[in-house]
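Student: Generate coordinates for the sequence data below:
(one chain, ligands or ions: 1)
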Amino acid sequence: MSLRELETSPAFKTEVMFEGIRYSSALAEAAEHSLPNYYPYRFRKGEADPTGTGKAQIPYLMITEDNTLIRVMGNGNSPWSVEGSRESGYRLCNDRDGNSRNISFEPQLSWLSQTTSDGFPMAQAGVSTHRDMLVINVAPGCEYFLKKHDGRSMRCTFCSYGAPDERTAHLGQIAGQVEIPAITLQRMNEAMTAVMAETEVRHIYLVGGSLTDPDLEGERFLQLARAVKACNPDGIPVCLGSAALSSDMLQTFYDEKLVDAVCFNLEIWSEKLFAQVCPGKNRYVGYDDWIAALENAVRLWGRGRVYSAMVAGVELEPEYAMNWEDAAKLAIEGAEDLCSRGIIPVYSLHWPAGGKERADYQSRLRNFFERLALGYQEIRQRHDLQVWDGFMCHRCAYMQLECDMDRTGESG
Ligand code: SF4
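Tutor: Numbering: from 1, shown residues only. Modelled structure (predicted):
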C-alpha cells in the first residue's frame, strides 16, 4: 500500500505540499488577513498576473477542517486553487476531479503589529508562531557561516537562514559574544506575553544559530532557557533546540527543570552524509558525539522526549548521486537505529536546490518522502514511540507527517 492509496489527511497534505496552489483572486484576498508567506508567489511565464509585478504575497499556512496544517507553496501549474472569500469561507478546489474542501488560513495576529514598551516592533523581537507553537530565536546568526576549512564553508549545505547579517543585527547579536543582551530578552518577554494573551500556545521551542564551541552555545541556551522560564508562568512545555551539548550541560538543564524535551538536529543519517551536509556540526561536535548527546538526553528526560529534526530529501541533491530508493532505504535504516535508542527523528520536507531541471525531480522526491513516511510509521509503532503532544502536534506540524500519521480518528 502506498501513501497515495490511503484516502487520509497525510495523503492529502502530501499532495498539496508537492503540487502547490495556483494564484487566484480568493488567494489574494486571503493574503490580506493571513500570516504572510516567506516566499512570495512568482507568476510563471504566460500566467495571468493581475499585480503586474511578477510576484504576489500569499498566505503561509493552510488549515483543513480536521486541523491538518499545510504550508502553502505557489505553483502556476498546480491543479489546486482557492475559491470563496473571507466572508463566505474559502475552499480548496481540484481541477482533476472537480472536488473541493473547506479550508482556512493561519491569521495574521495583532501582536505582530504591536511594539514593546521601548517602541521596538514585536515582529522583530525573535519570537514567531505557527499555530500553537511559539518559536524563540533571539540569536539566529550561526558562526558556521563565518568559518571555512580547506576553502569550504562550515555551514550546513541546505541552510539559508543562519547567516549573521542585517537580519540579526536588530537583536543585538554580535559575532563572538555569547551573552544575549538584556534588552533583547526584555523585548522577547513582552512579545511572548502578547502572543500568549492573543492565542493558545501549547509548545515553546528554543532555537538559535550555532557557536563553534558547543559549551559556549550551551551557556547561551542556559541564559535563554532561564529567561523563558521566568515568563512562562503556566509551564507550557519547552523544547531545547540547540546543538548537541555535553552531559554536564544537559544535567544543568535537567536539574533546573528548564526544558521538557530536547531536539538536537542530526539533519541527515549516516556519518558520511553528515560530514558532507553538515560540515560545521561534524567538525565542532562530531557525528558520534552528536548521537551520544541524544542518548544522554534519553537517560535524563526519557523515551519520547528526545528528538532530532531531519532534512528529508537533501540526499537527493545531485552531488550525493543517490537514487530515491537507496536514499529512502538509508533514511529508514537511520530511523530504525535512532528509535532503537529511544530517539525520535522528525522529517521535514526539503526542496533540493539542485537537480530541479531533471524531468523526474518531483516524482523522485515525492516517492522518497512517501516511502519514508510509511516505513517510519511502522518503526515508531514497533518501538512504541509517539511524538509527544507537548513537543509538537498535528496542529503545528506544517512540513512533517509524523503527527498526522499517528493520530487516529480525532478531529481536534
Ligand atoms: S547549524 Fe546548520 S542549520 Fe543550524 S543555523 Fe547553522 S548552518 Fe544553519
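Student: CA only for contacts and neighbour counts going forward, please
Tutor: Noted.
Student: and the longest helix for this structure?
Tutor: Criterion DSSP state H: the longest helix present in the chain is helix 361-382.
Student: Show me which positions of it end up buried.
Tutor: The neighbour-count check on helix 361-382 (16 or more other CA atoms under 10 Å) flags 364-377, 379-380 as buried.
Student: wait, which of these is closest to G20?
Tutor: Using CA to CA, R366 is the member of the buried residues of helix 361-382 that sits closest to G20, with 13.0 Å.
Student: gap between the nearest residue to G342 once chain neighbours are set aside and the ligand?
Tutor: Take G342 and drop its neighbours on the chain: the residue closest to it by CA to CA, 6 or more residues apart in numbering is R303, 4.9 Å away. Using CA to the nearest ligand atom, to the nearest Å, we find R303 at a distance of 24 Å from the ligand.
Student: so where is the stretch 301-412 of the chain shaky, pLDDT-wise?
Tutor: Low-confidence segments of the stretch 301-412 of the chain, defined by pLDDT under 70: 352-359, 408-412.
Student: For it, which residue gets nearest to the ligand?
Tutor: For the stretch 301-412 of the chain and the ligand, the shortest gap (CA to the nearest ligand atom) falls at V311, measuring 9.6 Å.
Student: wait, is that residue part of a helix?
Tutor: No: looking at V311 with DSSP: H, G, I helix; E, B strand; the rest coil, it is strand, so not inside a helix.
Student: just checking, it touches W269?
Tutor: No: in this structure V311 lies outside contact range of W269 using CA atoms under 8 Å: 9.5 Å.
Student: and the stretch 101-250 of the chain, which of its residues are near the ligand?
Tutor: C142, Y144, R155, C156, C159, G162, G209, S210 (CA under 6 Å from any ligand atom).
Student: ok, 8 Å please
Tutor: 140-145, 154-163, 208-210, 243 (CA under 8 Å from any ligand atom).
Student: Next, the nearest residue to I344 once chain neighbours are set aside: phi, psi?
Tutor: In this structure, I344 finds its nearest non-sequential neighbour in Y307, 4.7 Å apart by CA to CA, 6+ apart. Y307 has phi and psi values of phi -130, psi 160 when expressed as degrees, to the nearest 10.
Student: who touches Y307 in this structure?
Tutor: A261, V262, C263, F264, N265, L294, I343, I344, P345, V346 (CA atoms under 8 Å, 6 or more residues apart in numbering).
Student: how about the residues you listed in CSV, adding secondary structure, distance to the ligand and neighbour count?
Tutor: Listed next are those as CSV, based on DSSP: H, G, I helix; E, B strand; the rest coil; distance: CA to the nearest ligand atom, whole Å; neighbours: other CA atoms under 10 Å:
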residue, secondary structure, distance to the ligand, neighbour count
A261, strand, 18, 25
V262, strand, 15, 27
C263, strand, 12, 26
F264, coil, 10, 24
N265, coil, 8, 21
L294, helix, 16, 28
I343, coil, 19, 26
I344, strand, 18, 26
P345, strand, 15, 27
V346, strand, 15, 24
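Student: of all of the stretch 1-150 of the chain, which residue lies closest to the ligand?
Tutor: The minimum distance from the stretch 1-150 of the chain to the ligand, using CA to the nearest ligand atom, falls at C142 (4.7 Å).
Student: mind checking pLDDT for that residue?
Tutor: Confidence at C142, expressed as pLDDT, is 93.
Student: likewise P10?
Tutor: For P10, pLDDT reads 89.
Student: Tell me the backbone dihedrals of it, please.
Tutor: phi -60, psi -30.
Student: what's the answer for V135, then?
Tutor: Torsion angles, degrees, to the nearest 10, at V135: phi -110, psi 130.
Student: Identify the bridge partners of the residue lying closest to it once chain neighbours are set aside.
Tutor: Closest residue to V135 apart from its sequence neighbours, by CA to CA, 6+ apart: Y205 at 4.8 Å. Beta-bridge pairing of Y205 under DSSP bridges involves V135, C239.
Student: rewinding a little: ok, the contacts of Y307 vs G74, which is closest?
Tutor: V346 (24.5 Å).
Student: That closest one pairs with what?
Tutor: A309.
Student: and it, what does it touch?
Tutor: Y307, S308, A309, M310, Q400, E402.
Student: Measure how buried N67 is and give me the count.
Tutor: For N67, the count of nearby residues is 18 (other CA atoms under 10 Å).
Student: quick revisit: OK, contacts around the residue of the stretch 1-150 of the chain closest to the ligand?
Tutor: C142 neighbours (CA under 8 Å, 6+ apart): R155, G162, A163, P164, G208, G209, S210, L211.
Student: so Q173 sits in a helix?
Tutor: No: Q173 is assigned coil when assessed by three-state DSSP, not a helix.
Student: which residue packs closest to it, ignoring adjacent ones?
Tutor: Of all residues beyond its chain neighbours, the one nearest Q173 is A139 (6.0 Å), with distances taken as CA to CA, 6+ apart.
Student: can you count the residues close to that neighbour?
Tutor: 27.
Student: buried ones in stretch 228-239?
Tutor: V228, K229, N232, I236, P237, V238, C239.
Student: excluding its backbone neighbours, what's nearest the closest residue to the ligand within the stretch 201-350 of the chain?
Tutor: Proximity of the stretch 201-350 of the chain to the ligand (CA to the nearest ligand atom) peaks at G209, 4.4 Å away. Spatially, and ignoring its direct neighbours in sequence, G209 is nearest to C142 (3.9 Å; CA to CA, 6+ apart).
Student: related to what we said a few turns ago, could you work out the most separated pair of the buried residues of stretch 228-239?
Tutor: Among these, N232 and C239 lie farthest apart (CA to CA), at 12.9 Å.
Student: list the residues that contact both of those two?
Tutor: Going by CA under 8 Å, 6+ apart, no residue sits against N232 while also sitting against C239.
Student: on that earlier part again, return the distance of the residue of the stretch 201-350 of the chain closest to the ligand relative to P164.
Tutor: G209 is 9 Å from P164, where distance means CA to CA, to the nearest Å.
Student: what do you get for Y39?
Tutor: For Y39, the distance to P164 - CA to CA - is 20 Å.
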